[in-house]
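Asker: Turn this into a model:
(4 chains)
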Number of protein chains: 2
Amino acid sequence: MYNRLKGAIESVQKMEAHEWALALPFFEYQEFKKGEHLLQTGKVCNKVHFIVEGCARIYFSHESRDVSRQFFFEDSFVTEFGSLISKQPSLYAIDAVEDCKLLSINAENLDILYDNSINFLKFGKRIAEYTCIFVVNRNVEMVVRSAPERYLRLVKERPKVMNRVPLHMIASYLGITPEALSRIRKDVSKS
Amino acid sequence: MYNRLKGAIESVQKMEAHEWALALPFFEYQEFKKGEHLLQTGKVCNKVHFIVEGCARIYFSHESRDVSRQFFFEDSFVTEFGSLISKQPSLYAIDAVEDCKLLSINAENLDILYDNSINFLKFGKRIAEYTCIFVVNRNVEMVVRSAPERYLRLVKERPKVMNRVPLHMIASYLGITPEALSRIRKDVSKS
DNA sequence: GATTCGAATTGATCTACATCAAGGCGCTTA
DNA sequence: TAAGCGCCTTGATGTAGATCAATTCGAATC
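Answerer: Residues are numbered from 1 along each chain as shown, chains lettered A, B, ... in the order given. Below you'll find the predicted structure:
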């Protein structure tokens, strides 16, 4: 389990042995059942979670409807940057789409890590940069592509999302209603 | 001029004297006339620009129409993260909306800075994090607010954009056509 | 001062997707 | 086995904003 974590981190930034010695004890194992919240709207986010197994999502509520912002699967990290960094109440919630096994580090220990390990600092910078690029790209996709195009790209590029996330969550992620997604799927399956 | 740069950087991360001694010589002064390109689509971005005076924007072309992604004014930094980091040809262009006076550092020197100054590394991490939060927030605004709401928020929160950027660029930034923006402005001025 | 050309406005029409309302289908829980 | 309840689908209608086409305005150039 910890090897999975090490592998995921080293794919971004190589670490020294002493850095692992410092870091690994900070990551605590925890489990969440499907539907449970890793972070609730209005609470300050003070954790970064590594997903060993399962699926989680960030979402927000708007006019009594959930809007999914992003989905996360095994071998990736989930947190709410905005709240984690600003220490302000989160505008977003994180919940388990499937039962989740996590290795989680809290904000205080993360800061210790950044202050005492230059490679973790580099790791943090890279993660933020990649996230930034990813989010910009998603922005552009939303502007440039039609709803059916966005759906087809999701099917092609992120099959895990299609296979493991309920359609109504996918609909809001694509920026459309469940009804619209249903019709798009019908059209696509015809041709 | 260099004091403006120092001030902008120190508002994010304090630096030591030796770090300034290393960094400041890396920043070269340059000027761009309105309409000139700081970065062209298809070229690799290898600069980060600090705007001393003027206004620049990142945009891309889609179906023979420009879509503005963001506007930048004096005392802020402009670059195209995606291309700068991946070293791949940029999907986006950067041009001068007004005549620009810049202090620019190239990618090689930036890497030297990150490798030899822990505070610049922290600075880089923070900038990426703030950018990430800003971009996510913009995403959400696009989904949650109607076009008139987005327009009114821009008027209120970023008057510089309204005062110094042509309307057709603002329209594409808001995700609508110039015609739609014109009608929204008429409606708003009535009430 | 006349000319020009892009920017902005205005009007008429079209369309993608939302909204509202009603079923059906498949899980869970008893 | 049945009851109940989300989830997904389907149909009818509504609407925000796009598109197309034509002026008008305004700043730069000669």
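Asker: what stretches of chain A score poorly on pLDDT?
Answerer: Along chain A, the model assigns pLDDT under 70 to residues A:191.
Asker: where along it do the strands fall?
Answerer: A:28-32, A:37-39, A:47-53, A:55-62, A:65-73, A:77-78, A:93-96, A:100-106 (DSSP state E).
Asker: what lines up beside the fifth one in the sheet?
Answerer: Just to be clear, that refers to strand A:65-73. Strands that pair with strand A:65-73, judged by DSSP bridges, come out as strand A:55-62 (antiparallel).
Asker: show me what contacts residue A:5?
Answerer: By C-beta atoms under 8 Å, 6 or more residues apart in numbering or on different chains, residue A:5 lies in contact with A:24, A:27, A:50, A:52, A:103. Using the backbone N, CA and C atoms, a C-beta is placed for each residue, glycine as well.
Asker: cool, and residue A:34?
Answerer: A:96-99.
Asker: try it again with 6 Å
Answerer: By C-beta atoms under 6 Å, 6 or more residues apart in numbering or on different chains, residue A:34 lies in contact with A:96, A:98-99.
Asker: would you list those in JSON lines and tack on neighbour count and distance to residue B:184?
Answerer: Formatted as JSON lines, those follow (neighbours: other C-beta atoms under 10 Å in any protein chain shown; distance: C-beta to C-beta, whole Å):
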{"residue": "A:96", "neighbour count": "20", "distance to residue B:184": "41"}
{"residue": "A:98", "neighbour count": "17", "distance to residue B:184": "43"}
{"residue": "A:99", "neighbour count": "14", "distance to residue B:184": "47"}
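Asker: which one of these sits closest to chain B?
Answerer: Using C-beta to the nearest C-beta, residue A:96 comes nearest to chain B of the contacts of residue A:34, at 20.9 Å.
Asker: That closest one: what's its closest spatial neighbour, skipping adjacent residues?
Answerer: Distances taken as C-beta to C-beta, 6 or more residues apart in numbering or on different chains place residue A:32 nearest to residue A:96, at 4.4 Å, with adjacent residues excluded.
Asker: How many neighbouring residues does that neighbour have?
Answerer: Neighbours of residue A:32 under the rule other C-beta atoms under 10 Å in any protein chain shown: 19.
Asker: Beta-bridge partners for it, please?
Answerer: Assessed by DSSP bridges, residue A:32 has beta-bridge partners residue A:100.
Asker: I figured it hits residue A:101, correct?
Answerer: No - if you go by C-beta atoms under 6 Å, residue A:32 and residue A:101 don't touch, sitting 8.4 Å apart.
Asker: sorry, back to before: just the contacts of residue A:5 that are near DNA strand C?
Answerer: Near DNA strand C, judged by C-beta under 7 Å from any atom of the strand, there are no entries from the contacts of residue A:5.
Asker: For these, name the two members farthest from one another.
Answerer: Spatial extent of the contacts of residue A:5 (C-beta to C-beta) is set by the pair A:24 and A:52 at 13.5 Å.
Asker: Looking at these two, which has the bigger crowd around it?
Answerer: Under the criterion of other C-beta under 10 Å, the comparison of residue A:24 against residue A:52 puts residue A:52 first, with 18 against 13.
Asker: Now do the same contact list for that one.
Answerer: Residue A:52 neighbours (C-beta under 6 Å, 6+ apart): A:1, A:4, A:101.
Asker: Return the residues in contact with the residue lying closest to residue A:31 once chain neighbours are set aside.
Answerer: Excluding the flanking residues, the one nearest residue A:31 by C-beta to C-beta, 6+ apart is residue A:101, at 5.6 Å. Contact analysis of residue A:101 by C-beta under 6 Å, 6+ apart lists A:31, A:52-53.
Asker: What of residue A:79?
Answerer: Contacts of residue A:79 by C-beta under 6 Å, 6+ apart are residue A:48.
Asker: let's see it at 8 Å
Answerer: Applying C-beta under 8 Å, 6+ apart to residue A:79 gives the contacts A:45, A:47-49, A:94.
Asker: now the top helix by length along chain A against strand A:47-53, angle please.
Answerer: When chain A is parsed with DSSP state H, its longest helix is helix A:118-144. Between helix A:118-144 and strand A:47-53, the angle comes out at 80 degrees (axes from the mean of the first three to the mean of the last three C-alpha atoms, to 10 degrees).
Asker: need the residues of chain A near DNA strand C, please.
Answerer: Residues of chain A lying near DNA strand C (C-beta under 7 Å from any atom of the strand): A:146-148, A:175-177, A:179-180.
Asker: related to what we said a few turns ago, wait, which of the contacts of residue A:101 is closest to chain B?
Answerer: Of all the contacts of residue A:101, residue A:52 has the smallest distance to chain B: 24.3 Å, by C-beta to the nearest C-beta.
Asker: That closest one - nearest residue in space that isn't next to it in sequence?
Answerer: residue A:101 (4.3 Å).
Asker: what's the answer for residue A:95, then?
Answerer: Sequence neighbours aside, residue A:37 is the residue nearest to residue A:95 in space, at 4.9 Å (criterion: C-beta to C-beta, 6+ apart).
Asker: Output the set of residues of chain A in proximity to DNA strand D.
Answerer: A:166-168, A:178-179, A:181-183, A:185-186.
Asker: List buried members of these by neighbour count.
Answerer: Burial by neighbour count, 16 or more other C-beta atoms under 10 Å in any protein chain shown: within these this picks out A:168, A:181.
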